[in-house]
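>>> next comes the sequence, and after it the predicted model I'd like to discuss.
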Amino acid sequence: MLIAELVIPQMFSSYAEDLDYLKNGLHHFQYFCEECDQVFSSAWGKIPGSMSWYERGNYFTCPSCGHHHQKNVVYLKRSERAPNKIRLSVKEFKKIVTFEVSSKTVYFSDYLHLHEGDHKEVFRFDIAKQRATLVINKDDPIELGNPFKSEIFDSILKFFLPCSLANTNQKKELNNILKVLRTTIQNKLEKHLGYKIPSMYVSPGQFHGTFLLPLLNIAYRSACPDAPNLPVEYREPTQNIEGFWKKKMLTGDTFNTYFMDNVLSLTRQKKNMVTALIIASGLPNLPSVRRSLNEDPFNINILAKSFEICENHDYAMRLFESLRNIGNDTRVRFVLSSDLTNFLKEMKPIYQETGIVRMVENCVEMELWDCINLYQQLNKENREALMAESVRLRELHNWMSLRHKKQTHKNLTFNVPDHIIKRLSMQKERLKFFMPKESMELLEAGHKLHNCVASYGQAMKDNSKWIVLVADDKGKLAACLEIKDNQLVQAKIDRNASVRTDSKLNSEILAWAKESGLKIETQDVKVPDKKKSEKTGLVTIPA
């Protein structure tokens, strides 16, 4: 039975494709004007003040009909189908609810060639089986509900963006039909289960359209009725969602999807969410474990890794809390990964569970990430020496750094692009900023400054990171700086102390970073407060 229907007569005022540079050397876009069905192209200039960014032409007038297009323009890739008219309908059956999408589409097949077509999608919610599927153009069904499967974001519903006319002119109707779908499914699910379940409402955000995140959440909650809704990170772009998974140590699509499929299989067998997570991960069914998963089920892998490393319950929970804090601490420059957990397992026979927990709890003081990098690069002889010698935990970093230097050093020649050298190397009144030409220079710098900068040789060779050395007017090495992706991410003086501990050196490096167009992304440098910065001109901005 049809219980709700909405017709969208027009999705956008114009459709556009970025054609890049044509033979005449100008940057072109081609457009399809929905008002008069004409296809045309136009060249656009650079954005004022920008070195390379070109205007996209969001505001333009159709040369055929004279319609002035403002904002309601969608940009497509070649052959990507976009809707221009859509019919949405919600249908209710005894144990089934469907959300059907029927659309007329347009797409660019070549220069000034546009094609029209038809497109249909059916979202099917089986209440009895607590299962949701998506069928696109009669292809095989795609199962929905697993939050680590992103196929739903390829749905044509992704075009219900803030720039669409539908969101501008029919926002209330869009919300109403979504509400009818959500409440119908929730009411039927509560009747099927025999108990009330928390609201399935989530805000759609700005990046996936009006429908896709709410639909994914409904599918997820249909399989896991007692689970919390998907976290706010899902309202962000897909790459940010993947970053959220990494923060939770949920890395690797195969693990994520396979593990969550097992969890959903258990919840459909009437297991609650926490119990299903515990069974699927092999965790002990303890009150502390259940409490942690009730707070945030996406912490499952951090919790599982903690109990995999530590047999003692108290140490495992301390390790979990510390790992979770690292993942949530924006000041920490590394992410939780298998490198970290593998290192802790290697260190466990040496320092026991109490030692590795202290290592993570004091990760900044321990320079934990540098320890991991150094250990990975130690040869067999030095690893065996570490196992044999009684190296104090607080001396671990310096011990490995020294051993790393003493290993047979294979000198690497760096081929840093000339424009990077010119940008980052300069002679100031008191300081000289220069870039090493080979890894031997890094080795010597690391020895003089008592740090592990020598381990950055391969990164310098690959041009994935750059090291800038700073010497005073007497030629004595004063600091070493790490640059990555237009950002200053480390600034160290002797024995890994931060540059901020030397106010004069701190000011001079700030001035150099500003002149080099670098953004400060480290606590090693003290940046003046905003009001003071605006007066003194010491604000650092991206190039």
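Yes, it's here.

>>> pretty sure Phe12 sits against Tyr75.
No - look at Phe12 against Tyr75 with C-beta atoms under 8 Å: they stay out of range, at 10.1 Å. (Each C-beta comes from the backbone N, C-alpha and C, glycine too.)

>>> what segments of the stretch 101-250 of the chain are strands?
113-126, 131-136, 142-144 (DSSP state E, counting those that start in this stretch).

>>> got JSON lines for those strands, with mean pLDDT too?
Converted to JSON lines, these look like this (pLDDT from 0 to 100):
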{"stretch": "strand 113-126", "mean pLDDT": "96"}
{"stretch": "strand 131-136", "mean pLDDT": "96"}
{"stretch": "strand 142-144", "mean pLDDT": "95"}
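
>>> the more surrounded of Phe12 and Tyr75?
Phe12 (23 against 15; other C-beta atoms under 10 Å).

>>> quick check: closest non-adjacent residue to that one.
Excluding its sequence neighbours, the residue lying closest to Phe12 (C-beta to C-beta, 6 or more residues apart in numbering) is Val74, at 4.8 Å.

>>> so that neighbour bridges to which residues?
Beta bridges link Val74 to Tyr15 when assigned by DSSP bridges.

>>> please name the residues that touch Ile520.
With C-beta atoms under 8 Å, 6 or more residues apart in numbering as the criterion, the residues that contact Ile520 are 487-488, 510, 513, 527, 540.

>>> can you select the buried ones among these for me in PyMOL?
Restricted to buried positions by 16 or more other C-beta atoms under 10 Å, the PyMOL selection for the contacts of Ile520 reads:
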select buried, resi 488+510+513+527+540
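
>>> and the contacts of Ile520, which two are furthest apart?
By the measure C-beta to C-beta, Gln487 and Leu510 form the most distant pair in these, at 14.0 Å.

>>> domain parsing for the protein?
The chain breaks down into these domains under automatic domain parsing: 2-236, 253-406, 418-536.

>>> want to throw the ones you listed into a markdown table with distance to Glu242?
Shown next, in a markdown table, are the domains of the chain (distance: least, C-beta to C-beta, whole Å):
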| stretch | distance to Glu242 |
| --- | --- |
| domain 2-236 | 9 |
| domain 253-406 | 9 |
| domain 418-536 | 17 |
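
>>> pLDDT below threshold where in the stretch 401-543 of the chain?
Applying pLDDT under 70 to the stretch 401-543 of the chain flags residues 530-543.

>>> how about the strands in it?
426-427, 432-434, 466-471, 477-484, 487-492, 519-520.

>>> distance to Thr413 for these - can I get that in JSON lines?
Shown next, in JSON lines, are the strands of the stretch 401-543 of the chain (distance: least, C-beta to C-beta, whole Å):
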{"stretch": "strand 426-427", "distance to Thr413": "23"}
{"stretch": "strand 432-434", "distance to Thr413": "16"}
{"stretch": "strand 466-471", "distance to Thr413": "14"}
{"stretch": "strand 477-484", "distance to Thr413": "19"}
{"stretch": "strand 487-492", "distance to Thr413": "23"}
{"stretch": "strand 519-520", "distance to Thr413": "29"}
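
>>> in stretch 401-412, which residues are buried?
401-404.

>>> narrow these to those in helices?
In helices, defined here by DSSP state H, the members of those are 401-404.

>>> and the residues you listed, which is closest to Asn262?
Within those, proximity to Asn262 (C-beta to C-beta) peaks at His404, which comes in at 41.7 Å.
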